[in-house]
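S.K.: here's my sequence, what's the structure:
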Amino acid sequence: MSSIDYLAGSIYHMVRFDNLQSIFQRRALLSKERVIQEKINYQSIAYEEVQNLRDRIFIWDPSKKEFRTLHSYVPFYFATYTPMLYVQYKKGIQNEIVFFEASRSILKDQGTLFTDGNASNQQLAKYANEVVEIVPATVARDTCRRRYRPNGPNGANPNRTDFFSDVAFLERLKWEVINDRWSEDVDKIRIRHAEVLIPDLLPLGRIQGISVKTQNMAQAVNALIAECGLEERIPSAVSRPQLYIH
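M.R.: The predicted structure follows:
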């Protein structure tokens, strides 16, 4: 067993500035499923084809004894310098991206999962209809199991991402890749997107930091925090350009 404390660090969730008002009013970060259920308008920064893949991924929830959709989790990342951020950089909207930061201790919460790469990489065919049901690895059964319906997998991707339900598995992640700045290698791009999946919602009271790229954006976010009555209840936004792509 490694002596490294992988819980001594942060995880990050990205949103567009346009979505902050609804987040602050709701006092929580919601899963995509909850956002839709509560009829909240939002600006997505995700690729639609990736969202379609995530629609077809279901995760075993032992507390409910049923499979739940991947979209019922709030996704966080161990890294900020992710392929997803690079997409926003290429679109020219990186300055509009806000990072919510939380403690990795959340990984010990009941029902919280993590992955060793982008959760959408399950060898699903992009333009087909097969779905996958995933049972995350546990201490009792230390392998991630999958079942494809009606058959599969039919995708061409040679790699797929595993799910884990216990912090003991954090040592299995490829931290040297996750903590690296960039790579053109396809599988390293998948690995850099390792996710923390929080069921349903995360109250803003669990947020430990709010980061933006510029001082002007920090002022805009803090004005909104004040407008929504959250001053001294959540952290003030600060400019941390080192989290962003240059």
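
S.K.: F76: neighbour count?
M.R.: Neighbour count of F76, defined by other Cβ atoms under 10 Å: 25. Using the backbone N, CA and C atoms, a C-beta is placed for each residue, glycine as well.

S.K.: check contacts around it.
M.R.: Contact analysis of F76 by Cβ atoms under 8 Å, 6 or more residues apart in numbering lists I11, Y12, H13, A102, I106, E195, V196, L197, I198.

S.K.: now for the first one, how many residues are close by?
M.R.: The burial metric for I11, expressed as a neighbour count using other Cβ under 10 Å, is 24.

S.K.: roughly how far does the closest residue to P83 other than its chain neighbours sit from Y81?
M.R.: Leaving aside its sequence neighbours, P83 sits nearest to I189 (Cβ to Cβ, 6 or more residues apart in numbering; 5.0 Å). I189 sits at a distance of 11 Å from Y81 (criterion: Cβ to Cβ, to the nearest Å).

S.K.: over to R181?
M.R.: Distance of R181 to Y81, given as Cβ to Cβ: 6 Å.

S.K.: show me the helices in the chain, by range?
M.R.: According to DSSP state H, the chain carries its helices in the segments 20-26, 32-37, 48-55, 83-91, 175-178, 186-192, 215-227.

S.K.: want to throw those helices into TSV with distance to S72?
M.R.: Shown next, in TSV, are the helices of the chain (distance: least, Cβ to Cβ, whole Å):
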stretch	distance to S72
helix 20-26	16
helix 32-37	4
helix 48-55	10
helix 83-91	19
helix 175-178	24
helix 186-192	22
helix 215-227	27
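
S.K.: the residue nearest to P83 contacts M84, correct?
M.R.: No. I189 is beyond contact range of M84, at 10.2 Å (criterion: Cβ atoms under 8 Å).

S.K.: which residue lies nearest the spatial centre of the chain?
M.R.: For the chain, the residue nearest the mean C-alpha position is P75 (2.4 Å; Cα atoms, centre = their mean).

S.K.: give me the beta-bridge partners of the residue nearest to that residue when sequence neighbours are not counted?
M.R.: Leaving aside its chain neighbours, P75 sits nearest to E195 (5.0 Å; criterion: Cβ to Cβ, 6+ apart). Here E195 sits in beta bridges with Y77, as judged by DSSP bridges.
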